[in-house]
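Student: from the sequence below, what's the structure:
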Amino acid sequence: MELYSVLKSNINKKPMDIGCGNLTASIKENGSIHTINAYHPTKGYLTLSSLVTFSNGLWYDSEYVRAYRKRIAGLGEENLAKGFGFSHDRKIQDWQSGYTPEGKLVITYKLEQLNVAITFEALNPSGRATVVQSIEIKNNSTMEQTLPFQIGGTYNLNRCSYGQLTEGGPIQMPEQINDLEIQGNRMSLRNPSLPAQVVMTVFEDGQPFDLGTEKRTSNEPIKQLSEYQWKIAPSEVKQLLITYTINTEGEVLNDVEWGNDLISHLKGISVVEEPLHFIDTSWSHYVIRRNVAYILNCCSVPVQDEQVCVITDHQLLPLSWNRDSYYMMKLLIDADEHEGILTQADKRKVRETIKGHLLWMFMTAERPSGYWGRAYLTNGYCKDNVYQLDQQCYPLLELCEYYEWTKDKETVVRLLPYLEDTLQEIMKSRHEKYWLFKTGETPADDKVDYPYHFSSQILMWQTLRKLDALNNQFPFTTLKLHEWVQQVQTDCLDHFTIESEGKRMFAYLVDLQGNHTTYHDANDLPTVLAPIWGFCAADDSRWINTMEFAFSTRNIGGYYEGVYGGLGSIHTPHPWPLGDAQQLIYSALINDQDQYTLVMNKLKQLCQWDGLFSEAVYEKSGAVASRHWFSWPGAFISQALLLNKQSSVQELVG
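Tutor: A predicted model of the protein is given here:
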């Protein structure tokens, strides 16, 4: 219980999440539903929430984007505090919550003499992805108790906004239309401009619960809230079951068969009869397990056949970046290679997910200009057609590491025809004389002052090294990859080595004409990984000086002072948990236990109560400054925690 009391008292809290891949939900602390999101084959990703739709005229207004994200996180909107689904006006006591090993979210509390347990899960009865909210209420008194409650809330169904701080090409929001229809125990909410439809059904103690009859249309979020009352006898348990599906295809669905499957699935399952027991585990283990679960359940979206799109989060920016998804998939591989992290069912799902992601990246993700763009919708549409060098490397690196892990020859052979063209496309960005490669943007999605970026060259070296090994087993090119590897490393070390304040270190950007910038960003993970990959030694003074610079006030725009200060990014000018992960790895590599402990203690405070981390925090308060939902930092922090399971630096860099 100590772990959960620590998490409950943490600075940062956000709605808690469940999912089954193509359907997800975020849950408020009071047990109501905050949002339900779903994959859509043409729109990418849909959301059912209480929010007014994102304004089409404000795509480039960064303050509006930030404010809208806060509203999605449930902040600054008191009238939306209740969410939708089941609710009441009674004061809650003895609140607890936690995740079961099966991935259900359980919230328990007391209403004086009533014990309440609300369980959420996402499942697929009859092949129909469904969010289920199960409410159980037990009367522990010797007298009949009365509980007034409501079903409903404010609903708005539309596409997710995809609002970005560095907008690369807005996709206009569809018209906001909500067609509401209630008949019997079924409520449907349709937006014909998508098209898509939400279907809600309600059962009381296994029987259809009558919601009445109603029909209306609105071009605003539509409120539908009905009042009910239960009389609960002594020791009696009442159960209310509310289900949600989002139909994006327009097919006719068999509600009777589907409802019977649900009732059968949940029959005999009771949480309120037993106290809720949490698994007492270490903080590190909890964080790793929760980040793995979030990736598998909320970010890995089955889209067609075997293919899986991996989005960076299911709420704020349900888009796919090759960069983010690589580190998310790498965590799944690392977790599989450590005992006690994954169940057998998880192991099967992990392999299917990474394989599906590789197929999606190479076979479905559009490359309209010959290269992978910055970000993608789940259907493979290239939203931001901007050239970033590292985004071209990560799919290749992921394929190589997938084969090293699985020895899955069949999948590699399927994707071999894509590799030669991908390499040739990357070669277009190579300098005419040196083995260095241009980029249009940094890994922070920001434009570059000079075209040659340091951490991207390290990544290129690592990718070519892995491709060379793959080519030895599956010949796909006659290009001399082995020679390229050495040439990239030599030219990178030669042309990025500079002297700053009397110390040799690596520049951030160079133009190969004598100009350079000194900077280091929380997004530049290959730099801190360089000794682990073998690009340079952990005692290389240039690398050490570069990392020491990164974690100092000399790193203008990249380092932020304060109680919760640290390495961040000029992209969102605050400390980033990704930067803390870099410092965690760096302190382990140089055997600085005091620094390692300091960073670990900070991460324990910044961690949100469900084990996930945000994009950035305020340096003085530690509160979330940007993106409550962002899978990449939690994935990389989890990898850093798994690295610490190694017993020595020699093993880390071996």
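
Student: just checking, next helix/strand downstream of the longest strand along the chain?
Tutor: Counting by DSSP state E, the longest strand found in the chain is strand 145-159. Moving toward the C-terminus from strand 145-159, the first helix or strand encountered (DSSP states H and E) is strand 178-183.

Student: and the helix or strand just after that next one, which strands flank it?
Tutor: Toward the C-terminus, strand 178-183 is succeeded by strand 186-191 as the next helix or strand (DSSP H and E). Partners of strand 186-191 in the sheet, by DSSP bridges, are strand 178-183 (antiparallel), strand 196-204 (antiparallel).

Student: in JSON lines: those, plus mean pLDDT and mean neighbour count.
Tutor: No exception for glycine: its C-beta is placed from N, CA and C like everyone else's. JSON lines is the format used below for these (pLDDT from 0 to 100; neighbours: other Cβ atoms under 10 Å):
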{"stretch": "strand 178-183", "mean pLDDT": "96", "mean neighbour count": "17"}
{"stretch": "strand 196-204", "mean pLDDT": "94", "mean neighbour count": "21"}
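
Student: redo those as TSV? Include distance to N22.
Tutor: Formatted as TSV, the strands paired with strand 186-191 follow (distance: least, Cβ to Cβ, whole Å):
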stretch	distance to N22
strand 178-183	22
strand 196-204	13
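
Student: for L225, which of those strands is the nearest?
Tutor: strand 178-183 (11.9 Å; Cβ to Cβ).

Student: and the closest one, how far out from the chain middle?
Tutor: Remark: strand 178-183 is offset 32 Å from the chain centroid, using Cα atoms, centre = their mean, to the nearest Å.

Student: what angle sits between it and strand 145-159?
Tutor: Angle of strand 178-183 versus strand 145-159, following axes from the mean of the first three to the mean of the last three Cα atoms, to 10 degrees, is 140 degrees.

Student: can you offset everything so residue one is 9?
Tutor: Shifting the count to begin at 9 puts that one at strand 186-191.

Student: for stretch 147-154, give the mean pLDDT please.
Tutor: Stretch 147-154 shows a mean pLDDT of 94.

Student: picking up where we left off before, can you list the strands that the longest strand of the chain pairs with?
Tutor: strand 52-57 (antiparallel), strand 93-95 (antiparallel), strand 230-240 (antiparallel).

Student: only alpha carbons, please: show it as CSV.
Tutor: Provided in CSV are the C-alpha atoms of strand 153-167 (Å, rounded to 0.1, in the frame of the first residue of the first chain):
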residue,chain,number,x,y,z
GLN,A,153,-30.8,3.2,2.0
THR,A,154,-31.8,5.6,-0.8
LEU,A,155,-29.3,6.7,-3.4
PRO,A,156,-30.3,9.4,-6.0
PHE,A,157,-28.0,9.2,-9.1
GLN,A,158,-27.7,10.4,-12.7
ILE,A,159,-27.0,8.8,-16.0
GLY,A,160,-25.7,10.9,-18.8
GLY,A,161,-23.8,14.1,-19.2
THR,A,162,-22.6,16.5,-21.9
TYR,A,163,-21.6,14.8,-25.2
ASN,A,164,-19.8,15.9,-28.3
LEU,A,165,-18.6,13.5,-31.0
ASN,A,166,-15.9,14.7,-33.4
ARG,A,167,-12.5,14.0,-34.7
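
Student: low-confidence ranges in the stretch 9-158 of the chain?
Tutor: Along the stretch 9-158 of the chain, segments meeting pLDDT under 70 span 9-17, 84-90, 133-134.

Student: so N479 touches W492, yeah?
Tutor: No. Look at N479 against W492 with Cβ atoms under 8 Å: they stay out of range, at 11.1 Å.

Student: quick revisit: how far is the longest strand of the chain from where the chain is centred?
Tutor: From the chain centre to the centre of strand 153-167 is a distance of 27 Å (Cα atoms, centre = their mean).

Student: what residues of that strand count as buried?
Tutor: Of all the residues in strand 153-167, those buried under the rule 16 or more other Cβ atoms under 10 Å are 153, 155, 157-167.

Student: distance to L472 for those - can I get that in a markdown table?
Tutor: Below are the buried residues of strand 153-167 laid out as a markdown table (distance: Cβ to Cβ, whole Å):
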| residue | distance to L472 |
| --- | --- |
| Q153 | 69 |
| L155 | 65 |
| F157 | 62 |
| Q158 | 60 |
| I159 | 59 |
| G160 | 57 |
| G161 | 54 |
| T162 | 53 |
| Y163 | 51 |
| N164 | 48 |
| L165 | 47 |
| N166 | 44 |
| R167 | 39 |
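
Student: state the helix or strand in which L59 lies.
Tutor: Counting by DSSP H and E, L59 is part of no helix or strand.

Student: separation between it and P203?
Tutor: 20 Å (Cβ to Cβ, to the nearest Å).

Student: just the buried residues of strand 153-167 now: which is nearest D321?
Tutor: For the buried residues of strand 153-167, the nearest to D321 is R167 (15.6 Å; Cβ to Cβ).

Student: who's in contact with the nearest residue to that closest one once chain neighbours are set aside?
Tutor: With Cβ to Cβ, 6 or more residues apart in numbering as the criterion, R167 has its nearest non-adjacent residue at 4.5 Å, and that residue is K51. Residues near K51 by Cβ atoms under 8 Å, 6 or more residues apart in numbering: 167, 182, 202, 204, 385.

Student: before we move on, back to that, nearest to G29 among the buried residues of strand 153-167?
Tutor: Set against G29, the nearest of the buried residues of strand 153-167 by Cβ to Cβ is R167 (18.6 Å).

Student: quick check, the closest one in contact with P182.
Tutor: Yes. Using Cβ under 8 Å, R167 is in contact with P182, at 5.7 Å.
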